[in-house]
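>>> the following block contains a protein sequence and its predicted model.
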Amino acid sequence: MDLTSSQLAALDRDGYLLLENRFSAKEVELINDRLPSLFAENHPGNIVEQSSGAVRTMMGLHLRDDLFARVVRHPRLIGPALQILREPAYVQQVKVNVKAAFSGEIWQWHYDFATHKEEDGVPKPLALNLHIFLDDVTEFNGPLYFIPGSHKFGEHGAFKDVETTSYQLWVCDQERVKKLIEAHGLVAAKGAKGTMLIFHDTMVHGSPNNMSPWDRAIFSLLLNPVSNAFQKQTRPDYKHQRDLTPIEMLPDDCLNVLPVVE
(Lines give C-alpha, C1' and ligand atoms only; values in the text may rest on other atoms or scores of the structure.)
Protein backbone atom coordinates (compact mmCIF):
# COMPACT_ATOMS: atom_id res chain seq x y z
CA MET A 1 0.00 0.00 0.00
CA ASP A 2 3.01 2.31 0.34
CA LEU A 3 3.64 5.05 -2.19
CA THR A 4 6.73 4.75 -4.35
CA SER A 5 9.59 7.23 -4.19
CA SER A 6 8.49 8.72 -7.52
CA GLN A 7 4.92 9.15 -6.26
CA LEU A 8 6.14 10.84 -3.10
CA ALA A 9 8.34 13.12 -5.19
CA ALA A 10 5.38 14.05 -7.42
CA LEU A 11 3.23 14.84 -4.39
CA ASP A 12 5.97 17.01 -2.92
CA ARG A 13 6.48 18.81 -6.24
CA ASP A 14 2.86 19.31 -7.32
CA GLY A 15 0.96 19.23 -4.02
CA TYR A 16 -1.48 16.60 -5.27
CA LEU A 17 -1.31 13.00 -6.43
CA LEU A 18 -3.80 10.91 -8.44
CA LEU A 19 -3.78 7.12 -8.03
CA GLU A 20 -5.93 5.32 -10.60
CA ASN A 21 -7.82 2.07 -9.92
CA ARG A 22 -7.20 2.33 -6.19
CA PHE A 23 -10.69 1.05 -5.34
CA SER A 24 -12.66 -1.53 -7.31
CA ALA A 25 -16.01 -0.99 -8.99
CA LYS A 26 -17.60 -3.25 -6.36
CA GLU A 27 -16.12 -1.25 -3.48
CA VAL A 28 -17.32 2.02 -5.00
CA GLU A 29 -20.76 0.48 -5.50
CA LEU A 30 -20.90 -0.49 -1.81
CA ILE A 31 -20.14 3.12 -0.85
CA ASN A 32 -22.61 4.60 -3.34
CA ASP A 33 -25.37 2.28 -2.14
CA ARG A 34 -25.29 4.05 1.24
CA LEU A 35 -25.71 7.55 -0.17
CA PRO A 36 -29.48 7.72 -0.90
CA SER A 37 -30.49 6.98 2.69
CA LEU A 38 -27.93 9.49 3.99
CA PHE A 39 -29.15 12.11 1.50
CA ALA A 40 -32.65 11.66 2.92
CA GLU A 41 -31.65 12.19 6.55
CA ASN A 42 -32.67 15.37 8.32
CA HIS A 43 -29.16 15.99 9.60
CA PRO A 44 -27.33 19.32 10.04
CA GLY A 45 -24.37 17.79 8.22
CA ASN A 46 -26.43 17.62 5.01
CA ILE A 47 -25.94 21.00 3.35
CA VAL A 48 -27.91 21.78 0.19
CA GLU A 49 -27.37 24.09 -2.78
CA GLN A 50 -28.85 27.58 -2.62
CA SER A 51 -30.74 27.36 -5.90
CA SER A 52 -31.73 23.72 -6.43
CA GLY A 53 -31.96 22.30 -2.92
CA ALA A 54 -29.85 19.33 -4.05
CA VAL A 55 -27.33 18.05 -1.50
CA ARG A 56 -23.99 19.82 -1.83
CA THR A 57 -22.05 18.09 0.91
CA MET A 58 -22.77 15.47 3.58
CA MET A 59 -20.51 15.62 6.62
CA GLY A 60 -19.72 13.42 9.59
CA LEU A 61 -20.54 10.27 7.66
CA HIS A 62 -18.30 7.98 9.74
CA LEU A 63 -20.38 9.01 12.77
CA ARG A 64 -23.63 8.24 10.97
CA ASP A 65 -23.01 5.03 9.02
CA ASP A 66 -21.15 1.80 9.79
CA LEU A 67 -19.70 1.39 6.29
CA PHE A 68 -18.21 4.89 6.30
CA ALA A 69 -16.77 4.09 9.74
CA ARG A 70 -14.84 1.35 7.94
CA VAL A 71 -13.96 3.41 4.84
CA VAL A 72 -12.06 5.90 7.01
CA ARG A 73 -9.85 3.07 8.32
CA HIS A 74 -9.18 1.47 4.95
CA PRO A 75 -5.47 0.65 4.53
CA ARG A 76 -5.39 1.96 0.96
CA LEU A 77 -6.24 5.39 2.39
CA ILE A 78 -4.53 5.25 5.76
CA GLY A 79 -1.31 3.51 4.74
CA PRO A 80 -0.13 6.23 2.33
CA ALA A 81 -1.33 8.97 4.69
CA LEU A 82 0.71 7.69 7.64
CA GLN A 83 3.66 7.12 5.32
CA ILE A 84 3.50 10.83 4.41
CA LEU A 85 2.73 12.19 7.88
CA ARG A 86 5.19 9.90 9.74
CA GLU A 87 3.27 10.25 13.00
CA PRO A 88 -0.10 9.25 14.53
CA ALA A 89 -3.11 11.02 13.03
CA TYR A 90 -6.78 11.41 13.89
CA VAL A 91 -9.86 11.65 11.70
CA GLN A 92 -10.53 15.37 11.37
CA GLN A 93 -13.42 15.37 8.91
CA VAL A 94 -15.35 12.94 6.70
CA LYS A 95 -17.73 13.95 3.94
CA VAL A 96 -19.01 13.33 0.45
CA ASN A 97 -19.04 16.38 -1.81
CA VAL A 98 -21.68 16.15 -4.52
CA LYS A 99 -22.23 18.07 -7.73
CA ALA A 100 -25.64 17.01 -8.97
CA ALA A 101 -26.15 16.90 -12.74
CA PHE A 102 -27.05 20.33 -14.16
CA SER A 103 -27.30 21.96 -10.71
CA GLY A 104 -24.03 21.38 -8.83
CA GLU A 105 -22.60 24.78 -7.86
CA ILE A 106 -19.03 25.99 -7.55
CA TRP A 107 -16.53 25.66 -4.74
CA GLN A 108 -14.65 28.96 -4.68
CA TRP A 109 -10.86 29.18 -4.85
CA HIS A 110 -9.57 28.26 -1.40
CA TYR A 111 -7.06 26.25 0.57
CA ASP A 112 -8.26 24.05 3.42
CA PHE A 113 -5.84 25.27 6.09
CA ALA A 114 -7.47 28.71 6.13
CA THR A 115 -10.64 27.10 7.55
CA HIS A 116 -8.73 24.75 9.84
CA LYS A 117 -6.74 27.65 11.30
CA GLU A 118 -9.50 30.26 11.57
CA GLU A 119 -12.37 28.02 12.65
CA ASP A 120 -10.59 25.27 14.59
CA GLY A 121 -7.30 26.79 15.72
CA VAL A 122 -5.19 24.09 14.04
CA PRO A 123 -1.58 25.31 14.47
CA LYS A 124 0.14 24.06 11.30
CA PRO A 125 -0.91 23.11 7.72
CA LEU A 126 -0.12 19.42 8.09
CA ALA A 127 -3.51 17.80 7.39
CA LEU A 128 -3.95 15.59 4.34
CA ASN A 129 -7.05 15.41 2.16
CA LEU A 130 -7.71 11.89 0.88
CA HIS A 131 -10.37 11.47 -1.81
CA ILE A 132 -12.08 8.57 -3.54
CA PHE A 133 -13.90 9.33 -6.80
CA LEU A 134 -17.38 7.79 -6.50
CA ASP A 135 -18.26 8.74 -10.08
CA ASP A 136 -16.16 9.19 -13.19
CA VAL A 137 -14.76 12.72 -12.88
CA THR A 138 -14.33 14.47 -16.22
CA GLU A 139 -13.70 17.96 -17.51
CA PHE A 140 -17.48 18.35 -17.85
CA ASN A 141 -18.96 17.48 -14.45
CA GLY A 142 -17.16 19.79 -12.06
CA PRO A 143 -13.66 18.39 -11.40
CA LEU A 144 -11.35 19.92 -8.83
CA TYR A 145 -9.00 22.53 -10.26
CA PHE A 146 -5.52 22.72 -8.73
CA ILE A 147 -2.70 25.23 -9.04
CA PRO A 148 0.33 22.89 -9.09
CA GLY A 149 2.96 23.73 -6.52
CA SER A 150 0.81 26.30 -4.72
CA HIS A 151 1.18 24.30 -1.48
CA LYS A 152 4.81 25.39 -1.25
CA PHE A 153 3.95 29.04 -0.59
CA GLY A 154 2.39 28.53 2.85
CA GLU A 155 -0.66 30.58 3.70
CA HIS A 156 -2.16 32.54 0.83
CA GLY A 157 -4.41 34.93 2.72
CA ALA A 158 -8.13 34.28 2.96
CA PHE A 159 -11.45 35.87 3.88
CA LYS A 160 -14.74 34.28 4.85
CA ASP A 161 -17.29 34.27 1.99
CA VAL A 162 -20.79 34.00 3.47
CA GLU A 163 -22.75 34.87 0.32
CA THR A 164 -21.59 33.01 -2.79
CA THR A 165 -22.79 29.52 -1.83
CA SER A 166 -24.75 27.82 0.95
CA TYR A 167 -21.50 26.61 2.55
CA GLN A 168 -19.57 29.44 4.18
CA LEU A 169 -15.94 29.12 3.15
CA TRP A 170 -12.62 30.86 3.74
CA VAL A 171 -11.61 31.79 0.19
CA CYS A 172 -8.62 33.28 -1.64
CA ASP A 173 -8.38 36.74 -3.12
CA GLN A 174 -8.83 36.57 -6.90
CA GLU A 175 -5.72 38.65 -7.61
CA ARG A 176 -3.64 36.21 -5.57
CA VAL A 177 -5.16 33.28 -7.48
CA LYS A 178 -4.49 34.97 -10.81
CA LYS A 179 -0.81 35.48 -9.99
CA LEU A 180 -0.42 31.87 -8.86
CA ILE A 181 -2.04 30.52 -12.04
CA GLU A 182 0.06 32.78 -14.27
CA ALA A 183 3.19 31.46 -12.55
CA HIS A 184 2.30 27.79 -12.10
CA GLY A 185 -0.55 26.89 -14.43
CA LEU A 186 -3.84 25.11 -13.81
CA VAL A 187 -4.84 21.43 -13.89
CA ALA A 188 -8.09 19.49 -13.53
CA ALA A 189 -8.04 16.37 -11.34
CA LYS A 190 -9.86 13.81 -13.50
CA GLY A 191 -10.20 10.05 -13.32
CA ALA A 192 -12.48 7.05 -13.35
CA LYS A 193 -14.51 6.05 -10.31
CA GLY A 194 -12.26 4.34 -7.80
CA THR A 195 -9.43 6.82 -8.36
CA MET A 196 -7.76 8.11 -5.19
CA LEU A 197 -6.56 11.70 -4.80
CA ILE A 198 -4.23 13.07 -2.13
CA PHE A 199 -3.44 16.76 -1.61
CA HIS A 200 -1.87 19.06 0.95
CA ASP A 201 -3.55 21.53 3.31
CA THR A 202 -2.22 24.69 1.63
CA MET A 203 -3.01 23.50 -1.91
CA VAL A 204 -5.09 26.17 -3.69
CA HIS A 205 -8.08 24.56 -5.40
CA GLY A 206 -11.70 25.04 -6.41
CA SER A 207 -14.25 23.54 -8.77
CA PRO A 208 -16.73 24.84 -11.37
CA ASN A 209 -20.45 24.32 -11.75
CA ASN A 210 -21.60 20.96 -13.05
CA MET A 211 -23.49 21.80 -16.24
CA SER A 212 -23.35 18.23 -17.51
CA PRO A 213 -26.05 15.52 -17.26
CA TRP A 214 -23.70 13.42 -15.09
CA ASP A 215 -23.50 13.49 -11.29
CA ARG A 216 -20.13 13.86 -9.60
CA ALA A 217 -19.62 12.60 -6.05
CA ILE A 218 -16.29 12.45 -4.22
CA PHE A 219 -15.58 10.95 -0.80
CA SER A 220 -13.23 13.04 1.34
CA LEU A 221 -11.28 12.08 4.47
CA LEU A 222 -9.15 14.63 6.28
CA LEU A 223 -6.43 13.26 8.54
CA ASN A 224 -4.47 15.53 10.88
CA PRO A 225 -1.52 14.64 13.13
CA VAL A 226 -2.56 14.27 16.77
CA SER A 227 0.32 16.62 17.65
CA ASN A 228 -1.32 19.29 15.45
CA ALA A 229 -4.84 19.01 16.88
CA PHE A 230 -7.43 21.79 17.08
CA GLN A 231 -7.12 24.50 19.74
CA LYS A 232 -10.67 25.86 19.40
CA GLN A 233 -14.00 24.07 19.54
CA THR A 234 -16.27 26.43 17.65
CA ARG A 235 -17.54 23.93 15.06
CA PRO A 236 -19.67 20.83 15.65
CA ASP A 237 -18.18 17.35 15.70
CA TYR A 238 -19.40 16.51 12.20
CA LYS A 239 -17.31 19.39 10.83
CA HIS A 240 -14.21 18.75 12.93
CA GLN A 241 -14.16 15.59 15.00
CA ARG A 242 -13.10 16.01 18.65
CA ASP A 243 -11.97 12.42 19.18
CA LEU A 244 -8.17 12.45 18.91
CA THR A 245 -7.74 8.68 19.01
CA PRO A 246 -5.00 7.79 16.48
CA ILE A 247 -6.43 6.08 13.41
CA GLU A 248 -5.73 2.38 13.01
CA MET A 249 -6.09 0.41 9.79
CA LEU A 250 -8.58 -2.37 9.16
CA PRO A 251 -7.92 -5.33 6.82
CA ASP A 252 -7.95 -4.64 3.11
CA ASP A 253 -11.31 -6.39 2.63
CA CYS A 254 -13.03 -4.34 5.34
CA LEU A 255 -15.67 -2.90 2.99
CA ASN A 256 -16.90 -6.36 2.13
CA VAL A 257 -17.29 -7.48 5.76
CA LEU A 258 -20.75 -7.23 7.23
CA PRO A 259 -20.91 -5.43 10.59
CA VAL A 260 -21.50 -7.56 13.68
CA VAL A 261 -25.09 -7.24 14.94
CA GLU A 262 -25.28 -7.54 18.72
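Cool, got the structure. Residues are numbered from 1 along each chain as shown.
>>> what about the strands in the stretch 101-250 of the chain?
Assigned by DSSP state E, counting those that start in this stretch, the strands in the stretch 101-250 of the chain fall at 107-110, 128-133, 144-146, 159-161, 169-171, 187-189, 196-200, 205-207, 216-225.
>>> okay, helices next: where are they in this structure?
5-14, 25-39, 66-71, 75-85, 112-120, 174-184 (DSSP state H).
>>> so which of the strands of the stretch 101-250 of the chain is nearest residue 177?
Using C-beta to C-beta as the criterion, the shortest distance between residue 177 and the strands of the stretch 101-250 of the chain is 4.7 Å, found for strand 107-110. C-beta: built from backbone N, CA, C; applies to glycine.
>>> need the contact list for the nearest residue to residue 68 once chain neighbours are set aside.
Of all residues not flanking residue 68 in the chain, residue 61 sits nearest, at 4.0 Å (C-beta to C-beta, 6 or more residues apart in numbering). For residue 61, the contact set (C-beta atoms under 8 Å, 6 or more residues apart in numbering) comprises 38, 45, 68, 94, 95, 96.
>>> check residue 204 too.
Contacts were defined as C-beta under 8 Å, 6+ apart; by that measure residue 204 touches 109, 110, 111, 146, 147, 150, 151, 156, 172, 177, 180.
>>> give me the low-pLDDT residue ranges for the chain?
By pLDDT under 70, the low-scoring segments of the chain are 1, 258-262.
>>> go ahead and flag the most central residue of it.
residue 220 (3.2 Å; C-alpha atoms, centre = their mean).
>>> residue 187 and residue 144 touch, don't they?
No. Checked against C-beta atoms under 8 Å, the pair residue 187 and residue 144 is beyond contact range at 9.2 Å.
>>> who has more neighbours, the two?
Between residue 187 and residue 144, counting by other C-beta atoms under 10 Å, residue 144 is the more crowded of the two (23 against 16).
>>> okay, the helices of the chain, which one's buried deepest?
Here the criterion is mean neighbour count by mean count of other C-beta atoms under 10 Å, and of the helices of the chain the winner is helix 112-120, at a mean of 21.
>>> now the angle between strand 128-133 and it, please.
Per axes from the mean of the first three to the mean of the last three C-alpha atoms, to 10 degrees, the angle that helix 112-120 makes with strand 128-133 is 120 degrees.
>>> what is helix 112-120 packed up against?
Where contact means 3 or more C-beta pairs under 8 Å, 6 or more residues apart in numbering; DSSP states H and E, helix 112-120 is packed against strand 169-171.
>>> hang on, residue 206 packs against residue 144?
Yes. Under the criterion of C-beta under 8 Å, residue 206 makes contact with residue 144 at 7.4 Å.
>>> what touches both of those two?
Contacts common to residue 206 and residue 144, judged by C-beta under 8 Å, 6+ apart, are residue 107.
>>> please tell me how far residue 205 sits from residue 251.
The gap separating residue 205 from residue 251 is 32 Å, by C-beta to C-beta, to the nearest Å.
>>> equivalent analysis for residue 33, please.
Applying C-beta to C-beta, one obtains 21 Å for the distance of residue 33 from residue 251.
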